[in-house]
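In: Fold the following for me, if possible:
(one chain, ligands or ions: 1)
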Amino acid sequence: MIELKNVSIVFNQGTVNENQALSNINLKVKEGDFITIIGSNGAGKSTLFNTIAGTYLPSRGEILVNDRNVTRDPEYKRAQYIGRIFQNPTLGTASNMSLEDNMMITYKKGFKWLKRSLNNRMREYFKTELVQLRMGLEDRMKENLVMFSGGQRQAITLLMMVLSKPALILLDEHTAALDPKNAEIILELTNKFIKEQKLTSMMITHNMSHAIEFGNRLLMMDKGEIIFDIEGEAKKALTVEKLIQKFHELRHKSFENDRTLLSEE
Ligand SMILES: Nc1ncnc2c1ncn2[C@@H]1O[C@H](COP(=O)(O)OP(=O)(O)OP(=O)(O)O)[C@@H](O)[C@H]1O
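Out: Have a look, this model is predicted:
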């Protein structure tokens with residue numbers, strides 16, 4: 001589906017601040033893969049997503065989507081088939097517009113004909129979809145999103161993204177800014193949508209248990225490299241201890257990450 005061939009990213013090349021954030025990445029994401037990604041702070045996880053999404057142009061290497069070279073395609077073009085959700089729940093939706101207008105914009109992929117298309121048939125459709133979130137949002141469709149909580153907004157962003165049916169979903173720690181209860185709800189919804197709709201997805205998380213529990217494949221990154229890529233039954237057999245041990249074996253150092261350690265239980 002999507003393939004990275006020898007992709008490297010060097011920031012501030014040729015200056016004292018030169019920083020190789022991605023080092024010769026080779027990765028094939030298969031149709032239907034749900035990949036979780038872990039790695040210490042600064043390992044290159046977000047840079048990997050930014051490179052796939054077209055935010056950064058690789059210093060070297062190629063990106064292929066269904067065998068088509070998209071390396072030089074700008075971010076807005078790739079946004080037509082790549083959906084992204086970030087940590088910040090306010091990023092995915094327009095605060096000063098109603099829930100139904102937000103949903104219509106995503107549905108129509110833009111503002112064109114907004115008022116004309118938002119008819120009662122569409123409202124009924126959005127209502128039915130919102131019921132799946134089990135947050136009572138189907139009765140609040142005329143309220144502006146500024147009135148909703150972080151967890152509710154992240155759930156709406158998730159649903160809107162799923163309705164737009166992207167070929168690839170990039171989730172960049174999308175539950176990290178939520179309280180534990182809401183984080184769990186959003187994670188369960190994410191898992192439900194990905195499974196039901198068979199969506200090809202990649203999810204960065206600092207929570208090793210979540211990385212093991214969700215998805216069919218796990219990548220571990222360190223210093224701009226993918227150091228561990230495990231899937232299927234082998235992934236199912238992982239534990240947090242085994243993962244930390246694996247990191248130790250591969251890098252001859254301990255896995256240092258406060259947030260990870262805090263979220264192990
Ligand atoms: N726009 C940029 N300009 C310069 N350096 C950058 C830029 N973006 C990221 N970096 C550097 O690239 C390296 C990888 O950063 P990245 O954000 O990808 O790490 P990460 O694994 O997502 O970390 P975290 O878990 O802390 O979010 C870091 O050293 C970071 O400082």
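In: any idea how far L158 is from the closest residue in space to G32 that isn't next to it in sequence?
Out: In space, and not counting its chain neighbours, G32 is closest to K198: 5.4 Å by C-beta to C-beta, 6 or more residues apart in numbering. Using the backbone N, CA and C atoms, a C-beta is placed for each residue, glycine as well. The spacing between K198 and L158, counted by C-beta to C-beta, to the nearest Å, is 16 Å.
In: Of the two, which one has the most company?
Out: L158 (23 against 10; other C-beta atoms under 10 Å).
In: can you give me the mean pLDDT across the helix or strand that contains that one?
Out: Per DSSP states H and E: L158 is located in helix 150-163. Across helix 150-163, the average pLDDT comes to 91.
In: how far is it from where the chain is centred?
Out: Computed by C-alpha atoms, centre = their mean, to the nearest Å, the chain-centroid distance of helix 150-163 equals 12 Å.
In: For it, C-alpha coordinates in PDB please.
Out: This file holds the C-alpha atoms of helix 150-163, laid out as PDB (Å, rounded to 0.1, in the frame of the first residue of the first chain):
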ATOM      1  CA  GLY A 150     -11.400  17.300  24.700                       C
ATOM      2  CA  GLY A 151     -12.500  13.700  24.700                       C
ATOM      3  CA  GLN A 152     -15.700  14.500  22.800                       C
ATOM      4  CA  ARG A 153     -13.800  16.600  20.300                       C
ATOM      5  CA  GLN A 154     -11.300  13.800  19.700                       C
ATOM      6  CA  ALA A 155     -14.200  11.300  19.300                       C
ATOM      7  CA  ILE A 156     -15.800  13.700  16.700                       C
ATOM      8  CA  THR A 157     -12.500  14.100  14.900                       C
ATOM      9  CA  LEU A 158     -12.100  10.300  14.800                       C
ATOM     10  CA  LEU A 159     -15.600   9.700  13.500                       C
ATOM     11  CA  MET A 160     -15.200  12.500  10.800                       C
ATOM     12  CA  MET A 161     -12.000  11.000   9.700                       C
ATOM     13  CA  VAL A 162     -13.500   7.500   9.400                       C
ATOM     14  CA  LEU A 163     -16.500   8.900   7.400                       C
END
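In: before we move on, back to that, please report phi then psi for the residue nearest to G32.
Out: According to degrees, to the nearest 10, the main-chain angles of K198 amount to phi 50, psi 50.
In: I'd like to know how far it sits from the ligand.
Out: Distance from K198 to the ligand, counting by C-beta to the nearest ligand atom, to the nearest Å: 27 Å.
In: picking that back up, neighbouring contacts of the helix holding L158?
Out: Helix 150-163 has contacts (C-beta atoms under 8 Å, 6 or more residues apart in numbering) with 83, 85, 89-93, 99, 102-103, 106-107, 129-130, 132-133, 135, 137, 145, 148, 169, 174-175, 177-179, 181-183, 185-186, 189-190, 193, 197, 199.
In: Pull out the buried members of the residues you listed.
Out: For the contacts of helix 150-163, a burial check counting by 16 or more other C-beta atoms under 10 Å picks out 83, 85, 89-90, 92-93, 99, 102-103, 106-107, 129-130, 132-133, 135, 137, 145, 148, 169, 174-175, 177-178, 182-183, 185-186, 189-190, 193, 199.
In: same for the helix or strand harbouring I38, what does it pack against?
Out: Applying DSSP H and E as the criterion places I38 in strand 34-39. Packing partners of strand 34-39 (3 or more C-beta pairs under 8 Å, 6 or more residues apart in numbering; DSSP states H and E): helix 45-53, strand 201-204, helix 208-213, strand 217-222.
In: The ligand: which of those is closest?
Out: Nearest of the helices and strands packed on strand 34-39 to the ligand, taken as C-beta to the nearest ligand atom: helix 45-53 at 3.3 Å.
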